[in-house]
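Asker: Kindly return the folded structure for what I paste below:
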Amino acid sequence: MTRAPRIAGLALTLLVALPAYGQPAAVPPPPDQPVIDCARPVYAIDTMICDDRDLGAANSEMNGLLSRVSFAGFDPDRIEPQADWVRRRALCAFQSDGRACVAGAFAERLAILRVLRGPGAANAAKAQCSGAGGAEDLTVERYPPAIVLRDTGGRVHLVAVAPGASSWRPFVAVERDAGRQLVMKAKAARISCKIARHAR
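Answerer: Model (predicted):
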């Protein structure tokens, strides 16, 4: 091997091994925001929400509810964490019915947050429910469009929402609500409940 090819090979090795100068470092994506700051929208979907009166009002209501709700202790397969919901809602930007998808996302989330903030209904019906964890005695409450299952101590076990007409799909969906028969599809399992004839 002659000297010139050796020098060229060494120079090429150094160029590959050393960091490039003058090139900007990669900028990480902005962190997920639990609620959009309309004074500083980050993504196109943020701008769409902030420029829409109804969606902007939903974002503001969600901000108020989140300040009074904690997700600690909830099963993330049954109560969707806020950061996961934000990421799912962002996918509405790729749907042909983007605005309707976002509206459906807010409708579901607000229904869940209102339930998590509230004390529970006095007229809850007793139910025998079965799913991934076996049979359980729970109570059923209805807050259209949400259906809530609570344990015997009054703690929220699951919140399900009936699917709307948009491409948005609830995290826990009501599949059947026919009198005393109730079927919901959660991430990990299908939950089926038989509701007692009399409220407690």
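
Asker: buried ones in the helix of greatest length in the chain?
Answerer: In the chain, with assignment by DSSP state H, the single longest helix is helix 98-117. For helix 98-117, a neighbour-count test (16 or more other C-beta atoms under 10 Å) marks 98-113, 115-116 as buried. In this view, the C-beta of every residue, glycine as well, is placed from N, C-alpha and C.

Asker: Quick check: closest non-adjacent residue to the most centrally placed residue in the chain.
Answerer: Nearest to the mean C-alpha position of the chain, counting by C-alpha atoms, centre = their mean, stands Trp85 at 2.1 Å. Once flanking residues are discounted, Trp85 sits nearest to Arg109: 5.8 Å by C-beta to C-beta, 6 or more residues apart in numbering.

Asker: contacting residues around the residue nearest to the centre of the chain?
Answerer: Trp85 sits next to 105, 109, 171 when contact means C-beta atoms under 8 Å, 6 or more residues apart in numbering.

Asker: Looking at those residues, which one is closest to Pro163?
Answerer: Phe171 (11.0 Å; C-beta to C-beta).

Asker: C-terminal to the helix or strand bottoming out on mean pLDDT in the chain, what's the next element?
Answerer: Sorting the helices and strands of the chain by mean pLDDT, DSSP states H and E puts helix 3-17 at the bottom, at a mean of 51. Proceeding N to C from helix 3-17, the next assigned helix or strand is helix 44-51, under DSSP states H and E.

Asker: So which other helices or strands are in contact with that next one?
Answerer: helix 53-66, helix 98-117 (3 or more C-beta pairs under 8 Å, 6 or more residues apart in numbering; DSSP states H and E).

Asker: change it to 6 Å
Answerer: Counting contacts by 3 or more C-beta pairs under 6 Å, 6 or more residues apart in numbering; DSSP states H and E, helix 44-51 is packed against helix 53-66.

Asker: Kindly calculate the angle that the helix it packs on makes with helix 98-117.
Answerer: Helix 53-66 and helix 98-117 are oriented at 20 degrees to each other (axes from the mean of the first three to the mean of the last three C-alpha atoms, to 10 degrees).

Asker: following helix 53-66, which helix or strand shows up next?
Answerer: helix 82-90.

Asker: okay, now the domains of this protein?
Answerer: Following automatic domain parsing, one finds the domains of the chain at 44-117, 125-199.

Asker: Now distance to Val35 and mean pLDDT too, for the ones you listed, in JSON lines please.
Answerer: Below are the domains of the chain laid out as JSON lines (distance: least, C-beta to C-beta, whole Å; pLDDT from 0 to 100):
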{"stretch": "domain 44-117", "distance to Val35": "4", "mean pLDDT": "94"}
{"stretch": "domain 125-199", "distance to Val35": "18", "mean pLDDT": "90"}
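
Asker: possible to save the ones you listed as CSV with distance to Ile36?
Answerer: Converted to CSV, those look like this (distance: least, C-beta to C-beta, whole Å):
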stretch, distance to Ile36
domain 44-117, 5
domain 125-199, 17
